[in-house]
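Chemist: Here is my input, please return the structure:
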Amino acid sequence: MGDERSRRFDDALSSLVDNLIPGLEDEDDARADERHDDAVDLARNIIEEHRSSSVVSDVQHAADLIKKRLLRGNGSPEKAVQFSNLYSRLLSQPVLSKKWEILFLLLRLADSNPGAAQDHATEGKRSAEQKLNGAQDGQFGSSSEADEQTYRDAFAPSGLPNLQPESARSKPFAVSASAAERRAKSRKPDRSLANEDDDEPTAKVNLPGPSEDELLRDIPFTLQGLSTNNLKFTSQNTLELPSTLSLPITSLLHTLAEPSLLYRSLSEFVESKDEGLIGQSLRSAVSNELRSYLGLISSLETHIRQALATKNEPGAQQSDGRVGVTLKRCVLWTREATMGLRIMSIMSEEAGAKKGGQLVSMIHGFSTSHGDPFVGAFAERMLSHVTRPFYDMLRQWIYDGELADPYNEFFVIEQASSVLVEDPRRAPATSVWEEKYRLDESMIPSIITEDFARKVFLIGKSLNFIRYSCGDSAWVEAYSKDASRELKYGDTATLETSIDQAYKTTMARLTSLMDSKFQLFEHLNALKRYLLLGQGDFIALLMESLASNLDRPAGSQYRHTLTAQLEHAIRGSNAQFDPPDILRRLDARLTEMEKGDTGWDVFTLEYKVDAPVDVIITPWANRQYLKIFNLLWRIKRVEFALSSTWRRCMTGARGVLATVDAKMKKDWKAARCSIAEMIHFVNQLQYYFLFEVIEASWSSLNTTMSKPDATLDDLISAHTKYLKSITLKGLLGSMRTTSSGHKEDVFTVQLHEILKTMLAYKEAVDGLYSFSVAEFTRKQFEGRPGQSKYGITSTEKDDDDICSPFPNNTTKKSAANGLGSQDTDSPFPLTSNPLTHLASDEETLLPALRQRLSTLSADFKTRINNLLGDLAVQPDVDMKFLAVVMNFNDVYQPRKRRRHHPGVVGTERKTPAAQVQQGGGGGGGDATTVRKEGGGDGASTTSKGKEKERGK
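Modeler: Numbers count the residues shown, from 1 in each chain. Predicted coordinates for the structure are as follows:
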């Protein structure tokens, strides 16, 4: 193929010479053939000379020259943009292989003068004839002129010169002086079209000192950080240059000194120790880049040696401009390497105070916040190597639930075991879930988002919890084998898919275990039914069973008695159909007691949970359940007592009370109205707690827990929100600071005072009932014939016992003395009448009862007004609705409590009832002292007693 092309080239060239050079008339054939051969040889030499251009073929450089020319010659950049589009199309054409030659020809044509085309053609023809004649005469140009032109070509600003092929340099052909001049003129436009921003070529100056060849020999060693005879490193960061060098050479050496010094500092950084996997990975990545840098230096050294050896060959002494390796070219060859060394030097300086995710974020910052594409690509290449330990730790965390982080470089931190057992009040499972692992936001690398990191943290923590707390390590191992895959930087799609799949699988498994194996939802339902009084028949039977026992002082209460009554309530209600595992967790216990407490003050129910359910039902949650139960239990107690008194009054109205109706009609009417008012208040309060607060919060809890993507943290937060909603809306969460600096629940204190007032009023009504019975008995005595003043006969006594309203054969003497009956319907039997020490005559006893009932009723209404006034200003809608329900007919006048009358325990303002207790009201006496001596139920409203808030 090559021979055919050469033959075709010779034929075309011979035909061209025959057409251009006419034959001579008197010339013989031998002379004509010789002249033809000489002309063909001359044409071939000319073509060979121009075929190897003295300028490096740089397509991008030629395109830049044309674009700059278009921008200078036109006011708008439209032509430059059009050229860019055409240039892009030219590069995409695989058929055209001489792209640089095409652009260079167009550039030369654009700089030529169209009007002088004929002159150039004429001159070219004349020069060709001169060459032909010179060749025929054997005249050749001077070799010194050719060498001088070659030297100028080496430093031409239009581009770096090419080395001529060996065959071209070995040909003994020289052009004439006129041809050399003409070629010099033709190169002037090339220099004018060169980049105007290029520096002027450095001329050789024969100054004393090392030559450029000697410096070139030392450059490879200097770039490796090694000292030479001419370039010495005086310290780690200092390179000493000879003082006799010219300024241009010094400037080039300054540029080459930068990679040398950077290499020395980076070598020291690589050899340093680092206690961290990611830090060691960074040093390994820097070491790999330094090896690539040394490979570049090795290639540069090879070119320098070849160039210097070629220069020292015989016949090439004066052609140093054709060598092709200079200091300036060394600068160009090491430019990108210097940039890489500079970036790694900055990374090494900033890596001193960083580790783990911080180190990854620092390197990633070069990729995202730097505008240079080279810097971004270099940082991405570094990250692919540096992040390998990070992705290994990430893979073990999301697939095995194990934290393989010996140097604390991951964004998940494992707490020390000593920290987990310092607080004995915390449940073990709660500590494992909430405190064993912690998310360190400062270690989250910028290659992932914070939400992504939290999802990863939750996946690993859930797997660890399933393995160790739930005892399901077999599932974790099987899941790890099936789902585990390699993670690496740059594969974002695979990483996101892996994390999403692991998140869904892990959360579904954990939720399934809590529901099926550990029966979380059954435990929550049991807490609602037993501690939040949702099981009505059980609570009613329990209260009836414990009523007589809890009336006694707290010191006489026994655990086994309470447990037996609890078992009785379970067997007698629908609670008996609950699973045995639920019932065995329910227990009755006594809280801490103080002097003067009764069984009602210290009794409570307890529901015990085991791990891992205690992650959700935490000790804090148990305290909240106890707090809510104590309040609901007190309300239920008052409602039960008022209902018992109401039944007594209604049954007595058809018997005993009918005989004294004329004398005490107004008293009983007022008493029944007040009791009905109190029962309405208690019923509305219970309805609000059980339906508006507990049931609404329970519905929200079920909605959150039934979500398919609910996590364990979602369950914990939903249960916490559930309890906080109950305590806040249940009048248990409004705190305020008293004058003594103690914090208390505003509404809880008010409710307890209202409940105590209602119990005191119930006792007063029982006293009025006892007085009515005594009055009924007296009238029976007075209406019988033969009645002596000392009593009646035994037969009459038996008849009176049959008609008497007092059960258990209560004597008329006790009724006459004002002692109430032991009514089995009431959970609060009157062990002593609060009016025992009052005057026994009718004129004194009845006014005292009326005064006490009146003051307690007024005190009740005052406290209700204060409560409704505080509820009306609450931001919660349900609490405002409670105030509306209680005062639907505007019978109360709500008002805000004044600051100087706080109305709390210890600073209670003097209500009418308090004034009666302090001696006012005409012989009322100290009713508080009487109740305490008689072993009452602690419903006193005195300011001397100290209210104890249970369950706080």
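Chemist: and I864, how far is that from V749?
Modeler: From I864 over to V749 the distance is 14 Å, taken as CB to CB, to the nearest Å. Where C-beta positions appear, they are placed from N, C-alpha and C, glycine not excepted.
Chemist: what bits of the stretch 101-250 of the chain have low per-residue confidence?
Modeler: Screening the stretch 101-250 of the chain residue by residue with the criterion pLDDT under 70, one finds the ranges 111-208.
Chemist: Alpha carbons of the host helix or strand of Y391, as PDB, please.
Modeler: For Y391, the host element (DSSP states H and E) is helix 388-400. Output of helix 388-400 as PDB, limited to C-alpha atoms (Å, rounded to 0.1, in the frame of the first residue of the first chain):
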ATOM      1  CA  ARG A 388     -13.300   3.200  52.000                       C
ATOM      2  CA  PRO A 389     -13.000   2.700  55.800                       C
ATOM      3  CA  PHE A 390     -16.100   4.900  56.300                       C
ATOM      4  CA  TYR A 391     -18.200   2.700  53.900                       C
ATOM      5  CA  ASP A 392     -16.900  -0.400  55.600                       C
ATOM      6  CA  MET A 393     -18.100   0.800  59.000                       C
ATOM      7  CA  LEU A 394     -21.400   1.900  57.400                       C
ATOM      8  CA  ARG A 395     -22.000  -1.600  55.900                       C
ATOM      9  CA  GLN A 396     -21.400  -3.400  59.100                       C
ATOM     10  CA  TRP A 397     -23.700  -1.000  61.000                       C
ATOM     11  CA  ILE A 398     -26.700  -1.200  58.600                       C
ATOM     12  CA  TYR A 399     -26.500  -4.900  57.900                       C
ATOM     13  CA  ASP A 400     -25.100  -6.400  61.200                       C
END
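Chemist: For the helix or strand following that helix, which strands pair with it and how are they oriented?
Modeler: Downstream of helix 388-400, the next assigned helix or strand under DSSP H and E is strand 412-414. The strands that strand 412-414 pairs with in its sheet are strand 437-439 (antiparallel) (by DSSP bridges).
Chemist: Any buried residues in the partner strand, and which?
Modeler: For strand 437-439, a neighbour-count test (16 or more other CB atoms under 10 Å) marks Y437, L439 as buried.
Chemist: Also stretch 411-418?
Modeler: Quick answer for stretch 411-418 (16+ other CB under 10 Å): F411, V412.
Chemist: how distant is that stretch from the center of its chain?
Modeler: In terms of CA atoms, centre = their mean, to the nearest Å, the centre of stretch 411-418 is set 18 Å apart from its chain centre.
Chemist: What lies in contact with it?
Modeler: Contacting residues not belonging to stretch 411-418 are listed as 356-357, 397, 403, 405, 435-441, 443-445, 453, 456-457, 460-461 [CB atoms under 8 Å, 6 or more residues apart in numbering].
Chemist: cool, stretch 622-639 as well?
Modeler: Residues from elsewhere that reach stretch 622-639, judged by CB under 8 Å, 6+ apart: 527, 531-533, 539, 543, 600, 603-607, 678-679, 682-683, 685-686, 689, 723, 726-727, 730-732, 748, 751-752, 755, 758-759, 827, 950-952.
Chemist: And for stretch 724-731?
Modeler: 532, 624, 627-628, 631, 689, 692-694, 696-697, 700, 732-734, 745, 747-748, 751, 876, 878-879.
Chemist: are any of these buried, and which?
Modeler: So, of the contacts of stretch 724-731, 532, 624, 627-628, 631, 689, 692-694, 697, 732-734, 745, 747-748, 751, 878-879 end up buried under the neighbour-count rule (16+ other CB under 10 Å).
Chemist: Just the buried residues of the helix holding Y391, please?
Modeler: Here helix 388-400 shows R388, P389, F390, Y391, M393, L394, R395, Q396, W397, I398, Y399, D400 as buried, counting by 16+ other CB under 10 Å.
Chemist: Quick one: these as a markdown table, columns for distance to Q415 and pLDDT too.
Modeler: Converted to a markdown table, the buried residues of helix 388-400 look like this (distance: CB to CB, whole Å; pLDDT from 0 to 100):
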| residue | distance to Q415 | pLDDT |
| --- | --- | --- |
| R388 | 27 | 93 |
| P389 | 22 | 93 |
| F390 | 21 | 93 |
| Y391 | 24 | 93 |
| M393 | 17 | 93 |
| L394 | 20 | 93 |
| R395 | 23 | 92 |
| Q396 | 19 | 92 |
| W397 | 16 | 93 |
| I398 | 20 | 92 |
| Y399 | 22 | 92 |
| D400 | 19 | 91 |
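Chemist: which one of those is nearest I278?
Modeler: P389 (5.3 Å; CB to CB).
Chemist: contacting residues for that closest one?
Modeler: Listed by CB under 8 Å, 6+ apart, the contact set of P389 reads L277, I278, Q280, S281, E409.
Chemist: which non-adjacent residue is nearest the last one?
Modeler: The reference is to E409. Beyond its immediate neighbours in the sequence, the residue positioned closest to E409 (CB to CB, 6 or more residues apart in numbering) is G356, lying 2.9 Å away.
Chemist: go on, the third one?
Modeler: Excluding its sequence neighbours, the residue lying closest to Q280 (CB to CB, 6+ apart) is D274, at 5.5 Å.
Chemist: how about that neighbour, phi and psi?
Modeler: D274 has phi and psi values of phi -150, psi 130 when expressed as degrees, to the nearest 10.
Chemist: centre of the chain versus the longest helix along the chain, how much separation?
Modeler: Under DSSP state H, the helix in the chain containing the largest number of residues is helix 746-782. How far helix 746-782 lies from its chain's middle: 61 Å, per CA atoms, centre = their mean.
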